[in-house]
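K.L.:
the following comprises the amino acid sequence and a computationally predicted model.
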Amino acid sequence: MKIAVLGTGYVGLSTGVCLSEVGHHVICIDIDDQKINRLRQGISPIYEPGLEDLLTKNTAAGNLQFTTSHQEGIENAEVIIIAVGTPQRNDGAADLSYLLQAAKDVSAHLKPDSIVVIKSTVPVGTNDYVKSIITNHTKKPFKMVSNPEFLRQGSAIKDTMKADRIIIGSEDKEAALKIQEMYRPLNVPILMTNVRSAEMIKYASNAFLATKISFINEIANLCEAVGANIIDVANGMGKDKRIGEAFLQAGIGYGGSCFPKDVKALLHTAGLHGVDFSLLRETIAINDEQQKLLFTKACSRLKQLKDKKIAMLGLSFKPETDDMREAPSIKIAHLLHEAEAKVVAYDPVAKDNAKKILGDTIEYASSVDQAIENADAVFIVTEWNEFKQLDLTEVTKHMKQPIIFDGRNCFEENKIRACSKIEYYPVGKPAIVVGLDT
Ligand SMILES: NC(=O)c1ccc[n+]([C@@H]2O[C@H](COP(=O)([O-])OP(=O)(O)OC[C@H]3O[C@@H](n4cnc5c(N)ncnc54)[C@H](O)[C@@H]3O)[C@@H](O)[C@H]2O)c1
Ligand SMILES: O=c1ccn([C@@H]2O[C@H](COP(=O)(O)OP(=O)(O)O[C@H]3O[C@H](CO)[C@@H](O)[C@H](O)[C@H]3O)[C@@H](O)[C@H]2O)c(=O)[nH]1
């Protein structure tokens with residue numbers, strides 16, 4: 001099938017690369033010529049495991065092309081997938097300006113009877129709105145399908161190739177069957193719905209997962225207060241199939257380009273329809289507080305943060321990505337900066353993106369060793385494998401005071417107790433102090 005993808009971000013690029021891998025002819029279009037130039041050279045503009053290999057392989061095989069020309073990309077395509085950004089507006093609603101421009105770009109070059117697929121996350125009713133825009137800009141017949149995306153950053157290729165489900169929402173059976181055909185080689189479950197249900201499934205899924213995280217974080221805070229252990233509690237809860245083990249990792253809150261904005265957008269949609277979705281307000285409020293947890297604990301333990309050296313391990317919003325959008329590290333860095341602490345951060349891949357947001361609010365180390373040298377405390381912000389594998393005896397030896405605030409519960413108790421001197425503060429579990437009087 002000849003497919004055009006608009007937008008070579010996390011979603012568009014992963015989708016384009018995977019559809020080419022299963023034998024389709026894909027042309028990816030972006031307005032960012034620097035991205036397209038890099039992609040043409042086989043260089044991925046984002047850090048995403050496995051992406052570059054498939055990119056190089058399918059470009060060489062002739063299945064995958066890149067262009068900045070909407071005409072070149074769209075005029076021969078049977079299926080046009082829109083995967084442009086829908087960021088958050090100041091009032092919490094989704095900003096649809098990129099999408100509406102993309103719709104105009106599509107209508108200018110549409111081949112008759114092609115199918116326009118909206119993969120971007122869009123509020124209920126947006127597909128109908130986009131359909132009216134395209135109809136107003138072209139006389140050619142076309143069909144529309146809503147096909148929201150559920151991949152996670154850091155595992156985008158795996159999530160696309162082995163998706164739990166694909167949602168195809170359309171009022172046009174022929175168009176839905178064609179998109180089903182497009183995905184058939186992936187051999188994953190496909191669910192057909194109407195357009196508005198498809199749009200809602202995306203927001204409901206993200207809001208549910210975000211709420212699950214806020215719920216487990218509140219349980220973790222309660223565990224600390226009553227002397228329970230969140231790891232055992234989450235494990236015990238997760239064994240119940242009705243609850244499930246996934247997304248019960250307590251920590252310093254959710255971040256990223258999706259949960260924060262999508263929960264707010266759903267709340268905004270509810271408000272527009274007179275529904276008071278107070279649960280979502282609480283999900284957001286709990287998350288905002290949880291992101292301050294390490295800072296609050298450090299203030300209480302160290303009393304005065306002024307001129308203290310804090311080593312921040314991890315900047316990206318989760319491991320295996322260089323994405324800094326809504327990363328908890330941003331709030332933590334600002335709080336520490338306001339308290340006049342000296343922050344030295346290390347992240348295996350997110351340093352360049354972090355610099356664009358945090359500038360010289362913090363210093364950037366090029367290794368864990370450099371960050372922790374002579375530190376008064378370590379904050380573990382992102383659970384990169386590199387950090388989970390650290391030898392805590394070595395780490396604490398190089399610190400001024402062996403104090404670790406672990407926002408992602410990276411270490412087993414025996415590893416901590418093997419240290420001769422350490423103060424270790426996890427989330428939702430009792431602190432561990434070895435070899436020190438506190
Ligand atoms: N990032 C994720 O993990 C994820 C997962 C599922 C769904 N989503 C949703 O998918 C959508 C895209 O997210 P993303 O993270 O990939 O975005 P992104 O910001 O990484 O990429 C969007 C790309 O679209 C390009 N673009 C903008 N207007 C264009 C146009 N008119 N023609 C061609 N290209 C254009 C931009 O230059 C940019 O490269 C959003 O709606 C998001 O909510 C994201
Ligand atoms: O048990 C958990 C799981 C996740 N997180 C945090 O939640 C955030 C989001 O993580 P994750 O969902 O793994 O990454 P995303 O790439 O943001 O993916 C989410 O957002 C995407 C965009 O809509 C959806 O497609 C995915 O299905 C959805 O999981 C991160 O900050 C994680 O640290 C936790 O704190 N505890």
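P.N.:
That came in fine, so what should we check first? Numbers count the residues shown, from 1 in each chain. Ligands and ions are numbered 1, 2, ... in the order given.

K.L.:
mind giving me the domain ranges of the chain?
P.N.:
2-193, 202-289, 291-434 (automatic domain parsing).

K.L.:
give me every residue that touches the one residue in the chain that gets nearest to ligand 1.
P.N.:
Per Cβ to the nearest ligand atom, Gly9 is where the chain lies closest to ligand 1, at 1.9 Å. Glycine gets a C-beta too; all of them are placed from N, C-alpha and C. Contacts for Gly9 (Cβ atoms under 8 Å, 6 or more residues apart in numbering) come out as 46, 83-85.

K.L.:
any idea how far it is from Pro87?
P.N.:
11 Å (Cβ to Cβ, to the nearest Å).

K.L.:
quick revisit: make CSV from the domains of the chain and add mean pLDDT to it.
P.N.:
Output for those, formatted as CSV (pLDDT from 0 to 100):
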stretch, mean pLDDT
domain 2-193, 97
domain 202-289, 98
domain 291-434, 97
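
K.L.:
for the stretch 251-400 of the chain, what lies in contact range of ligand 1?
P.N.:
Residues of the stretch 251-400 of the chain lying near ligand 1 by Cβ under 6 Å from any ligand atom: 257-258.

K.L.:
mind listing the strands for the stretch 251-400 of the chain?
P.N.:
Assigned by DSSP state E, counting those that start in this stretch, the strands in the stretch 251-400 of the chain fall at 309-313, 342-346, 363-364, 377-380.

K.L.:
kindly report the same for the stretch 1-150 of the chain.
P.N.:
Taking DSSP E, counting those that start in this stretch as the criterion, the stretch 1-150 of the chain contains strands spanning 2-6, 25-29, 64-67, 79-82, 114-118, 142-146.

K.L.:
mean neighbour count and distance to ligand 2 added to these, as a markdown table?
P.N.:
Compiled in a markdown table, these are given as follows (neighbours: other Cβ atoms under 10 Å; distance: least, Cβ to the nearest ligand atom, whole Å):
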| stretch | mean neighbour count | distance to ligand 2 |
| --- | --- | --- |
| strand 2-6 | 25 | 16 |
| strand 25-29 | 25 | 19 |
| strand 64-67 | 21 | 22 |
| strand 79-82 | 26 | 15 |
| strand 114-118 | 26 | 14 |
| strand 142-146 | 23 | 14 |
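
K.L.:
any chance of the strands of the stretch 251-400 of the chain in CSV, with mean neighbour count and distance to Asn136 too?
P.N.:
Shown next, in CSV, are those (neighbours: other Cβ atoms under 10 Å; distance: least, Cβ to Cβ, whole Å):
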stretch, mean neighbour count, distance to Asn136
strand 309-313, 26, 50
strand 342-346, 22, 49
strand 363-364, 17, 49
strand 377-380, 27, 52
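
K.L.:
can you tell me how far Lys342 sits from ligand 2?
P.N.:
26 Å (Cβ to the nearest ligand atom, to the nearest Å).

K.L.:
for that residue, what are its contacts?
P.N.:
307-310, 363.

K.L.:
check Lys355 too.
P.N.:
Counting by Cβ under 8 Å, 6+ apart, Lys355 touches Tyr364.

K.L.:
Thr382 and Thr321 touch, don't they?
P.N.:
No: applying Cβ atoms under 8 Å as the test, Thr382 and Thr321 come out as separate, 9.3 Å apart.

K.L.:
residues in contact with Asp53?
P.N.:
No contacts exist for Asp53 under Cβ under 8 Å, 6+ apart.

K.L.:
try it again with 10 Å
P.N.:
Each residue near Asp53 by Cβ atoms under 10 Å, 6 or more residues apart in numbering is listed here: 17, 21, 42, 44, 157.

K.L.:
Glu218 reaches Val233, doesn't it?
P.N.:
No: in this structure, Glu218 is not within contact of Val233 by Cβ atoms under 10 Å, at 11.7 Å.

K.L.:
intersection of neighbour lists for these two?
P.N.:
With Cβ under 10 Å, 6+ apart as the test, Glu218 and Val233 both reach 250, 428.
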